[in-house]
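Enquirer: let's see this in three dimensions:
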Amino acid sequence: MQRLRSIRTWMAALVVLAAAATLATAPAVAAAKKPPYTVAISNGFVGSEWRIQMVESAKKVFDEYKSKGLVKGELYVNHAGPDVTAQIAQIRNMINRGFDVIIINPNSQTALNPVIEEAADRGIVVIVVDQEVTSPKAVNVVIDQAEWARISARWLAEKLQGKGNIVVINGLAGHPANEDRWRGAREVFGRYPGIKILTMTHANWDQATGQQVMSNLLATYPNIDGVWVQDGMAEGALRAVLASGRKLPLMSGEARVGYMRLWDQLKKEKGFQAIGVVNPPGVAASGLRIAMQILQGRQFKDGVLARGNTLYVPIPGIVTNDNFDELWAKYKDYPDAYALDGWLTEEEARSYFK
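Expert: As a prediction, this is how the structure comes out:
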């Protein structure tokens, strides 16, 4: 009898521990609040036009909600730069100002966790976009950055027929999105023993730096068959190759108008082929739509969140020679810095909830 009581006690303890573990890994769900709501964006790294377009996309959705009386004031935006400490201070200031939603494009996957918990404990909905954080108190609204990279890496490997010398130009060393992307691309290249990675370097998602880095690589390596380069730098890398007079290697590209302008010219003149995988600046707008559902007390459907707190939104599209002409006709009059974009509609956002 005593043994039975002990077993029952042990089983009850397991149930309590399991429930506690579930709560610990589930994102904070705010109690339903009455609109209008206030919204802030904490942006980290700001050295690219992509981040500016990200904010502009979020403002469009914010203005849509404002016209419906669901949000008030202005969309408060602050750029911390790449400094993690500065971003923590920035978010703490947003907490003290009492915003209902804080959308974060983070500088670190882990360092912001304590301040995110502070915000969640105050009933603030915390949405992290573009790259994931590990805090269970936030909801990550992101594309799968590793899969984003795999798509262009597979394209390059297949175009090279599984063999050749390649160089890699990554973004900002240590940045969450950069590390996820390189993990995905490296997985793909690892499946092709005939592909030799001559070197991997960084150009900080900057076109001018990308051009200089590619110039250095061309001077160092006489035989480059392929270039895998992240977006934000592909146009610069391509310009460096053109300036060198070298034969064009196979290169991954980007879904940006400036790169596509070169692509259009080279496709006609030299049969150039490329790929651009859309990395949507509108992910912050998608994050705002998800936040609005949470503020109104809705709960995620079972199985929607990966690892308990991450919502992978679709990659909006891919540009290749097969669909280039159709997309170029649509975007050729946009500014060169414009990245092809996309974000969730209200109906799509609502579909993730019960």
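
Enquirer: and the most centrally placed residue in the chain, how far is that from Glu64?
Expert: Centroid-nearest residue in the chain: Asp130, 2.9 Å away (criterion: CA atoms, centre = their mean). For Asp130, the distance to Glu64 under the criterion CB to CB, to the nearest Å works out to 21 Å. For the C-beta atoms, the positions are set from N, CA and C on the backbone; glycine is no exception.

Enquirer: quick one, phi psi at Asn178?
Expert: Backbone geometry at Asn178, expressed as degrees, to the nearest 10, gives phi -60, psi -50.

Enquirer: and the closest residue in space to it that isn't next to it in sequence, what pLDDT?
Expert: Once flanking residues are discounted, Asn178 sits nearest to Gly171: 4.2 Å by CB to CB, 6 or more residues apart in numbering. Gly171 is assigned a predicted lDDT (pLDDT) of 95.

Enquirer: pretty sure Gly171 contacts Asp180?
Expert: No - under the criterion of CB atoms under 8 Å, Gly171 makes no contact with Asp180, lying 10.6 Å away.

Enquirer: comparing those two, which residue is more hemmed in?
Expert: Gly171 (24 against 20; other CB atoms under 10 Å).

Enquirer: tell me how far that one lies from Ile197.
Expert: 17 Å.

Enquirer: one more: Trp148?
Expert: From Trp148 to Ile197 the distance is 19 Å (CB to CB).

Enquirer: who has more neighbours out of these two?
Expert: Legend: neighbour count by other CB under 10 Å for Trp148 and Ile197, higher for Trp148 (23 against 15).

Enquirer: helix or strand: which one has the more buried one?
Expert: helix 145-159 (DSSP states H and E).

Enquirer: I'd like the next helix or strand past that helix.
Expert: Helix 145-159 is succeeded, C-terminally, by strand 163-170 (DSSP H and E).

Enquirer: give me the sheet partners of that following strand and which way each runs.
Expert: strand 194-202 (parallel), strand 226-229 (parallel) (DSSP bridges).

Enquirer: what does stretch 211-223 rub up against?
Expert: 165, 167, 169, 198-199, 201-203, 224, 227, 229, 233, 236-237, 239-241, 243-244, 246 (CB atoms under 8 Å, 6 or more residues apart in numbering).

Enquirer: switch to 6 Å and redo it
Expert: Contact with stretch 211-223 is made by 165, 167, 169, 198, 201, 203, 236-237, 239-240, 244, as judged by CB atoms under 6 Å, 6 or more residues apart in numbering.

Enquirer: of the residues you listed, closest to Ser42?
Expert: Ala203 (25.1 Å; CB to CB).

Enquirer: how deep is that closest one tucked in, by neighbour count?
Expert: Considering only other CB under 10 Å, Ala203 is surrounded by 24 other residues.

Enquirer: now do the contacts for it.
Expert: With CB under 6 Å, 6+ apart, Ala203 has these contacts: 169, 209-210, 213, 233.

Enquirer: and the closest residue in space to Gly164 that isn't next to it in sequence, how many neighbours?
Expert: Residue nearest to Gly164 in three dimensions, not counting chain neighbours: Asp225, with 3.2 Å by CB to CB, 6+ apart. Residues contacting Asp225 under the criterion other CB under 10 Å number 18.

Enquirer: Asp225 and Gly184, how far apart?
Expert: 21 Å.

Enquirer: try Gln109
Expert: For Gln109 relative to Gly184 (CB to CB), the value is 15 Å.

Enquirer: could you do Gln53 as well?
Expert: 23 Å.

Enquirer: can you give me the domain assignment for this protein?
Expert: 39-137+287-306, 145-277 (automatic domain parsing).

Enquirer: Ile318 is nearest to which of those?
Expert: Between Ile318 and those, the shortest gap by CB to CB is with domain 145-277, which sits at 5.3 Å.

Enquirer: now list the buried members of the contacts of stretch 211-223.
Expert: Buried positions within those, assessed by neighbour count (16 or more other CB atoms under 10 Å), are 165, 167, 169, 203, 236-237, 239-240.

Enquirer: need those residues in JSON lines (columns: distance to Gly98).
Expert: Converted to JSON lines, those look like this (distance: CB to CB, whole Å):
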{"residue": "Asn165", "distance to Gly98": "56"}
{"residue": "Val167", "distance to Gly98": "49"}
{"residue": "Ile169", "distance to Gly98": "43"}
{"residue": "Ala203", "distance to Gly98": "40"}
{"residue": "Gly236", "distance to Gly98": "43"}
{"residue": "Ala237", "distance to Gly98": "45"}
{"residue": "Arg239", "distance to Gly98": "47"}
{"residue": "Ala240", "distance to Gly98": "49"}
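
Enquirer: so which of those is the closest to Gly47?
Expert: Ala203 (11.1 Å).

Enquirer: next one: phi and psi at the closest one?
Expert: Dihedral angles (degrees, to the nearest 10) for Ala203: phi -130, psi 20.

Enquirer: can we start the residue count at 16 from this point?
Expert: Okay, residue one is now 16; in that scheme the one you just asked about reads as Ala218.

Enquirer: gap between it and Met109?
Expert: In terms of CB to CB, Ala218 sits 31 Å off from Met109.

Enquirer: any chance you could map the helices in this structure?
Expert: Applying DSSP state H to the chain gives helices spanning 17-40, 64-82, 99-111, 128-136, 160-174, 191-204, 222-235, 249-259, 272-285, 298-310, 339-346, 361-365.
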